[in-house]
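Structure for this input, please:
(2 chains)
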Amino acid sequence: MEFETVIGLEIHAQLKTASKIFCGCSTEFGAPPNTHTCPVCQGMPGVLPVLNRKVVEFAIRMGLATEATINRSNQFARKNYFYPDLPKGYQTSQYDKPIIEHGQVEIEVDGATRIIGITRMHMEEDAGKLVHDEREPVSYVDLNRTGTPLLEIVSEPDMRSPQEATAYLKKIHAILRYLDICDGNMQEGSFRCDANISLRPVGQKEFGTRTELKNMNSFRNVQAALEYEIRRQRDLLLDGGKVVQQTLLWNPDTGRTEPMRGKEDAHDYRYFPCPDLVPVELDDEWIEAIRATLPELPDARKKRFIAEYGLPLYDAGILTGERELADYFELAVNSGADPKKVSNWIMTELMRELKGEAIGTCRISAQQLAQLLLLIEKGTISGKIAKTVFQIMFETGKDPEIIVREKNLVQVSDVGEIMTVVQQLLEQHPDQARELREGKEKLMGFFVGQLMKQMKGKANPAMANELFRKAIFGDEQQ
Amino acid sequence: MNLYELTVAEAMSSLAAGDITSEALTRSCLDRIDKVDGEVGAFITLDREGALEQARKADIERKRERVGTLCGIPVAIKDLLCTKDMRTTCGSQMLADFIPPYDATVVEKIKGQGGVILGKVSMDEFAMGSTSESCAFGVPQNPWKKGYVAGGSSGGSAAAVSAGECLASLGSDTGGSIRQPASLCGVIGMKPTYGRVSRYGLVAFASSLDQVGPLCRDVTDCAILMNAISGHDQRDSTSVRIDVPDFTSFLKEDVRGLRIGVPREYFSAGLHPQVERVVRSGIDLLRQAGAVVVDITLPHTEYCVAAYYLIAPAEASSNLARYDGVNFGRRDMKADTLMSMYKDTRSAGFGTEVKRRILIGTYALSSGYYDAYYKKASQVRTMILRDFQAAYESCDVLVSPVTPTPAWKQGENSDNPLAVYLSDILTISANLAGIPGISVPGGFSSDGLPIGIQIQGRHFDEGSLLRVAYALEKMVGVTRVPSLA
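Residues are numbered from 1 along each chain as shown, chains lettered A, B, ... in the order given. The predicted structure follows:
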């Protein structure tokens, strides 16, 4: 039997506000435990929440960026459950009146474009953290994270493969980063994702029984967990078994999904409107003012990169996937380098050296990359030497001109100097010279290679080629 | 005359004139407490040294500079208003040792004006009750008659003011918790419009219904206290940005032309004949003074108790979830799992009535029951509000009884919570609708128990309430302090 996969994602994005959603405490990550707390986020008796306006603004930005409906009147609700990291015994969230509904984003997988619907987005507060002592049976509560604003983004069950799910996740990630409302760090948990996944026989309308996957803290883990879960559910269904609706944790060490302990997913959250917060009323004027501040978004930028710089679709997609990378590219281009060459260097040399790290960590500035490419263009160094220079730049952050000068790497384009070496080599290797003359073109590579070796790579390679030809075939061949 | 018998207004002018000192006034209250509180049982926490220190400071400041309105006036605070560095128990074992690191906004305001805080007074546990008998730290009794309830939940506040243990006090009203004890103890008690006074630092029972208000010996004091505590607070999103008038400007003996609505449903069967007599004679006095009396109907009154006892417990079940033994308050240390810590802590920390309401509220919000209970109750709430809005088209204020009966014997209804719930029928509509209400003494029952008259008004029209209450007070003329043995 053929199955169709149905995936929906729930993303929790920590909003990059300076202070928490309902009090003035700092949201900074990594402070000593319980130093960024106050009676409000500690849930002390009698205290009251006051909504941080910036959180609303950020949610509206995301709503506008995904062509969603901004609900002019929306409301906070209490989600009631007991857990030690939740000091009030309820999470202040939104329920039947979220701030955003009916959004969408476009994704691209294997050249095909699809629209993925966003059911809703709502504002809520994050919980604290439990720290378990490894030696003693003691747990500690750290409330620094309590009250950090989150935007929960719930997709429609529109994705049909792990690739689509990952593409959607990356698109949401990119938009949040373009909007500068979430730092998107999956390891630190400021961008988290849960997935609902089910299989159904191809052609069937009703959804199959779904499972919920948690604990996937990287794009790679999301893809791997979904792939594993598809196999698990398919095997189960093919054996005549049934999928049990449950919450599963992805274990990246074993590469499996495992049922969550206990009945932690069997809550009745008893949602009801939060009586401590009045409904959030938004006026069009504010929303339009926010719209006016929206930056160019990934899709628009990708289209512009193709049209303006003549980049291939794939390259434009990669470069615009991260705002910082796209900024880096444009800065290099604006510093005078050829767009296609900049793109090629970023996509190959730079990406390889970065090994998945963010462009922000790179010691080579966009201007320096442009300088390097201009050195090639002017013939000061060869492309090959440029790669050596690039390595040094990557390690030291030095300007390419300085490296070229210090290491004496300036390309030799002097005809006399190169010709001397050409003639020496032809004399040293008479057999090969004869074979080349007789038409064994491959040997041209041998001779140029020998020349480069002798001249420490500094010879202008085009010139070296030309001079070898001249020496062997004479002028008439040219 | 004893200093403790002064009203706030009288004490203010004597202090200003230099006739008395705050220290002497405060000592007078403390002596009175020493003498009668063994019987009255109003105080949970008495801060004798702190109060005297504040009083002496007030006396010094008065000599040096311009001082706040309440400078040197001794007041008592209901024990669910957070007081910095002073134990705040909410009448519950759960918070037996809870010392807040902050002041409630209203406490901050009282302190800011130089008020002297004598201590914290008794109440039903977490304000859930109408007799203060569920307090874990001593039950106040009615200063007018031994063995009778002081009312609740602000029973300690009403008893302390009535018995002369303080000049005024703050209480909170979720379903009548200021007006009912004020009526039973023969003092003035006002529940302001929802949003008039900040709830920041008021330990929540039912957030959409709770409101802080004053209990005083006369209407003038009530206006003075309202001036002191009202106003928008940016720490409370439900407090309303609206101008606060000078409430004392409404204290005119003039009700001519004012339309007094008499809601039919508030005089139905079950109303004690002596209560009816007192209220009707109050209405007659107002008519004689030139007010126009209008017959009014509030047709959904009969549903208010049912709606209230779903909404209030629902909110309470969520508000009281934070008492889980983790961050503050009581924790049962014997438990060996998280779940047993929760269970043991909450089982031992909460009393019967609180548990009952948490159960009712949890049930009302449960999946599958929400629409039938919480949602339906919210709809009823809207209809009750509309009743009032319709009524205020043909009248300016409503005059009615506060409670169906005068104070009853302690312990009388302790096995019958429903009977006690039903006794709230005349006060809880105001909370559901968010309108202001005041109880002003109207007379006494044949066995010497005070009977109050309730005046309710439009949102943020506390002024009209004070105006009518002031006129009634002048015409009725009630003895202010009971002659405790």
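
Can you list the low-confidence ranges for chain B?
Applying pLDDT under 70 to chain B picks out residues B:478-480, B:485.

need the strands for it, in chain order.
When secondary structure is read from DSSP state E, chain B shows strands at B:43-46, B:74-78, B:116-121, B:168-173, B:188-191, B:211-216, B:259-263, B:292-296, B:397-401, B:437-444, B:450-457.

Out of these, which gets nearest to B:Trp144?
Set against B:Trp144 and scored by C-beta to C-beta, the strands of chain B come closest in strand B:450-457, at 5.9 Å. Backbone N, C-alpha and C define where each C-beta goes, glycine included.

The closest one pairs with which strands, and in what direction?
In the sheet, strand B:450-457 lines up against strand B:397-401 (antiparallel), strand B:437-444 (antiparallel) (DSSP bridges).

how about the nearest residue to A:Ile7, chain neighbours excluded?
A:Met159 (4.0 Å; C-beta to C-beta, 6 or more residues apart in numbering or on different chains).

Can you say which of the strands of chain B is packed in most?
strand B:188-191 (a mean of 34; mean count of other C-beta atoms under 10 Å in any protein chain shown).

Which strands and helices lie in contact with that strand?
Here strand B:188-191 touches strand B:168-173, helix B:179-185, strand B:211-216, helix B:219-229, strand B:437-444, helix B:462-476, going by 3 or more C-beta pairs under 8 Å, 6 or more residues apart in numbering or on different chains; DSSP states H and E.

Name the nearest residue to the residue of the stretch 301-450 of chain A found nearest chain B, sequence neighbours excluded.
At 34.4 Å from chain B, A:Arg323 is the closest residue in the stretch 301-450 of chain A, using C-beta to the nearest C-beta. Distances taken as C-beta to C-beta, 6+ apart put A:Tyr178 closest to A:Arg323, at 4.6 Å, once the chain neighbours are dropped.

What pLDDT does the model give the one you found?
pLDDT for A:Tyr178: 94.

near chain A, which residues of the stretch 51-200 of chain B?
Neighbours of chain A within the stretch 51-200 of chain B, by C-beta under 8 Å from any C-beta of the partner chain: B:80-82, B:88, B:90, B:95, B:98, B:100-102, B:104, B:199-200.

can we see that at 7 Å?
Within the stretch 51-200 of chain B, the positions adjacent to chain A are B:82, B:95, B:98, B:100-102, B:104, B:199-200 by C-beta under 7 Å from any C-beta of the partner chain.

from those residues, which would you call buried?
For these, a neighbour count by 16 or more other C-beta atoms under 10 Å in any protein chain shown gives the buried set as B:82, B:95, B:98, B:100, B:102, B:104, B:199-200.

Out of those residues, which comes closest to B:Ala55?
B:Ala104 (21.2 Å).

If you drop the residues flanking it in sequence, what lies closest to that closest one?
Distances taken as C-beta to C-beta, 6+ apart put B:Gly201 closest to B:Ala104, at 2.4 Å, once the chain neighbours are dropped.

got the residue ranges for the helices in the stretch 101-250 of chain A?
A:162-178, A:219-238 (DSSP state H, counting those that start in this stretch).

what packs against the longest one?
If I follow you right, that is helix A:219-238. Packed against helix A:219-238 by the contact rule (3 or more C-beta pairs under 7 Å, 6 or more residues apart in numbering or on different chains; DSSP states H and E) you find strand A:3-14, helix A:162-178, strand A:191-201, strand A:211-214, strand A:256-259.

Could you tell me how many residues sit around the residue lying closest to A:Gln91 once chain neighbours are set aside?
Sequence neighbours aside, A:Lys79 is the residue nearest to A:Gln91 in space, at 4.5 Å (criterion: C-beta to C-beta, 6+ apart). The local packing of A:Lys79 (other C-beta atoms under 10 Å in any protein chain shown) involves 20 other residues.

same question, A:Tyr81
What A:Tyr81 shows, counting by other C-beta under 10 Å, is a neighbour count of 14.

In contact with it, which residues are there?
Listed by C-beta atoms under 7 Å, 6 or more residues apart in numbering or on different chains, the contact set of A:Tyr81 reads A:267, A:269.

Equivalent analysis for A:Arg177, please.
A:184, A:322-323.

Quick one: which of these is the most crowded by neighbours?
A:Arg323 (22 neighbours).
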